[in-house]
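Engineer: coords below, sequence missing:
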């Protein structure tokens, strides 16, 4: 019972709860109490300390901003107006709050607003679908195009769009970088002859990739009605992020343990057999390390690329909020920041999980 | 029988008895300070169905010589021939057991052996190939672990599978590079027994490098001693005339055992 719970927890990535389970079972109390402190209490405490510091910081910034605003009003409009603004601020009216780093509670409130907003939009969408269902049926029969919902996307819709883009970009990187990496890993001639391309293009910034892809895709999609913003952003994401996989695959393939290569030589394996039975499995750990870096880079640059390409997603959400300058824009940006961070973390964990499933080297989580 | 021969006369055998023939073998490694000659004027004939052990100081070029025989290392001069035809690269006529077990850790023991069997018996049915694998794994005492991954078994067990893999491809010559060097003495003894047992049945030629004088005497028909490098060559050859099959006990109690041992130690300490 106890062991199966621990195994289940480890399987879903909650292995840090192990000492707590053992403590409840009265196993080695001193050691497990220490472990509970180390693995559960201390990390939770660090979260509270972080939120506390954030609160202090935002209060300090709020005060600076508020004082400045009152002083400025006093200078330009006189004492009566300044008093008014001061009272307005103290009353908590959102209309006259100074614009600065939002506090944790403001961010949480914005998070709830965004969720509420999502519910409204989702309900709206559903109603729209029901309403146009019959009409769309008719239109399809008549050969006309269906009417689709064109309202504003909710925050959750933006997340979905971003995930879709990042996966498309990741797959593109996978299908370009792994085969090329294997080929140049196998041939030192090729490796030498195209290493300059890798060396030069690897450090190029995402922004420049975006512009390059934009130049090409714009021309290629001139006569087609496609979602070119999506195409541009996922190709840019793929091109920016594939280098880690390319380099790691090439390195993994070229540095396979000579013992394995010797075995393959002695057994006279055919080239394809050698690649699939010996070289690829042996370099899998490094390939996966590359893929993990690729996915996290892809997620990181995606936000910047969406922001620039004006393609829908979390990046453009952040940018629009920033441009918007509404009262709760700042706290919405911080919500987006946390969401971006947590999704990035979750993606990395998923990759690690897959890696542990298929790799012969057991890596500790 | 004279045991100490100061000027070793390298025996020549009739060509129909010779399996491996090393003629004026030379190996040169280029270094920034000029060429480094590892082996030079190395002549050795190994008879069919013979078990040869090679001893010599570390770094004298034993492994270089063995990997040249395996075809994994280029020959700088002279030649190596198997049954009269000189070798070009590695091949399944020469099985190799490496110092590290070098099994593919992502494959099961069965799949590891199968890798070679598939190559050597391309037309056999799947069942037949599996039976061959099972036969050899059984021979080395791994019958209970057909489907265990190589990464899940101990080093001694891995080396057992390594022996099975080498024998399963039915080589004419088996080349062993200190195969038991990494094992504890108990496991080492067990694996010597496994090796000699399979070798007895298969009747193939074996060449084995070792650092262990007792192992060299126990296993070999002839012990080949190499001089220290650079320009290493065969220093002396000591025929071991114990009857086969040998047991460790009978070898240790034999009157000639200490004479053999003294001869080898004297050579190594010079």
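Structural biologist: The structure has been received and is ready for your questions. Source: prediction; values computed, not measured.
Engineer: could you say what helices and strands the strand or helix carrying residue A:322 packs with?
Structural biologist: Take DSSP states H and E as the rule and residue A:322 turns out to sit in helix A:314-324. Other helices and strands packing on helix A:314-324, by 3 or more CB pairs under 8 Å, 6 or more residues apart in numbering or on different chains; DSSP states H and E, are helix A:155-186, helix A:280-309, helix A:329-358. The C-beta positions use only the backbone N, C-alpha and C, and glycine is treated the same way.
Engineer: most neighbours per residue, which of these?
Structural biologist: helix A:280-309 (a mean of 22; mean count of other CB atoms under 10 Å in any protein chain shown).
Engineer: mean confidence for it?
Structural biologist: For helix A:280-309, mean pLDDT is 89.
Engineer: Just want the angle from that helix to helix A:329-358.
Structural biologist: Put simply, helix A:280-309 runs at 170 degrees to helix A:329-358, going by axes from the mean of the first three to the mean of the last three CA atoms, to 10 degrees.
Engineer: helices or strands up against helix A:280-309?
Structural biologist: Helix A:280-309 packs on helix A:155-186, helix A:206-220, helix A:228-254, helix A:314-324, helix A:329-358, going by 3+ CB pairs under 8 Å, 6+ apart.
Engineer: Please compute how far the fourth one lies from its chain's middle.
Structural biologist: Centroid displacement of helix A:314-324 relative to its chain, using CA atoms, centre = their mean, to the nearest Å, is 16 Å.
Engineer: What lies in contact with it?
Structural biologist: Applying CB atoms under 8 Å, 6 or more residues apart in numbering or on different chains, the external contacts of helix A:314-324 come out as A:155, A:158-159, A:161-162, A:302-308, A:310, A:329, A:332-333, A:336-337, A:339-340.
Engineer: and if we set it to 7 Å?
Structural biologist: A:155, A:158-159, A:162, A:302-307, A:310, A:329, A:332-333, A:336, A:340 (CB atoms under 7 Å, 6 or more residues apart in numbering or on different chains).
Engineer: And those residues, which is closest to chain B?
Structural biologist: Nearest to chain B among the contacts of helix A:314-324: residue A:302, at 33.2 Å, using CB to the nearest CB.
Engineer: The closest one is in contact with residue A:167, isn't it?
Structural biologist: No - between residue A:302 and residue A:167 there is no contact under CB atoms under 7 Å: 10.2 Å.
Engineer: what number of residues lie near residue A:218?
Structural biologist: 11 (other CB atoms under 10 Å in any protein chain shown).
Engineer: Can you tell me the closest non-neighbouring residue to it?
Structural biologist: Excluding the flanking residues, the one nearest residue A:218 by CB to CB, 6 or more residues apart in numbering or on different chains is residue A:228, at 7.2 Å.
Engineer: Can you give me the distance of the one you found to residue A:214?
Structural biologist: 9 Å (CB to CB, to the nearest Å).
Engineer: Likewise for residue A:150?
Structural biologist: 25 Å.
Engineer: Look up phi and psi at residue A:204.
Structural biologist: phi -70, psi 140 (degrees, to the nearest 10).
Engineer: give me the number of residues near it?
Structural biologist: 13.
Engineer: just residue A:273 next, same as before
Structural biologist: Counted with other CB under 10 Å, residue A:273 comes out at 15.
Engineer: cool, and the one 4 residues further on?
Structural biologist: Applying other CB under 10 Å, we find 21 other residues in the vicinity of residue A:277.
Engineer: Could I get the contacting residues of it?
Structural biologist: Counting by CB under 7 Å, 6+ apart, residue A:277 makes contact with A:269, B:115.
Engineer: and the helices and strands packed on helix A:280-309 as TSV, adding mean pLDDT?
Structural biologist: Shown next, in TSV, are the helices and strands packed on helix A:280-309 (pLDDT from 0 to 100):
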stretch	mean pLDDT
helix A:155-186	92
helix A:206-220	86
helix A:228-254	90
helix A:314-324	86
helix A:329-358	88
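Engineer: I'd like these laid out as TSV, including distance to residue B:264.
Structural biologist: Shown next, in TSV, are the helices and strands packed on helix A:280-309 (distance: least, CB to CB, whole Å):
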stretch	distance to residue B:264
helix A:155-186	45
helix A:206-220	68
helix A:228-254	42
helix A:314-324	75
helix A:329-358	50
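Engineer: To residue B:55, which of the ones you listed lies closest?
Structural biologist: helix A:228-254 (35.7 Å; CB to CB).
Engineer: Which secondary structure elements does the closest one sit against?
Structural biologist: helix A:155-186, helix A:188-201, helix A:206-220, helix A:280-309 (3 or more CB pairs under 7 Å, 6 or more residues apart in numbering or on different chains; DSSP states H and E).
Engineer: Go through the ones you listed and name the closest to residue A:325.
Structural biologist: Once the helices and strands packed on helix A:228-254 are compared by CB to CB, helix A:280-309 is nearest, at 16.2 Å.
Engineer: Now do that closest one and helix A:206-220, the angle between them.
Structural biologist: Using the same axes, to 10 degrees: helix A:280-309 against helix A:206-220 is 80 degrees.
Engineer: which bits of chain B sit near chain A?
Structural biologist: Residues of chain B lying close to chain A (CB under 7 Å from any CB of the partner chain) are B:70, B:72, B:90-92, B:96, B:98, B:100, B:102, B:104-106, B:115-116, B:119, B:149, B:151, B:169.
Engineer: need the contact list for residue B:17.
Structural biologist: Contacts of residue B:17 by CB under 7 Å, 6+ apart are B:47-48.
Engineer: hmm, back to that, in the helix holding residue A:322, which residues are buried?
Structural biologist: Going by neighbour count (16 or more other CB atoms under 10 Å in any protein chain shown), the buried part of helix A:314-324 is A:314-321.
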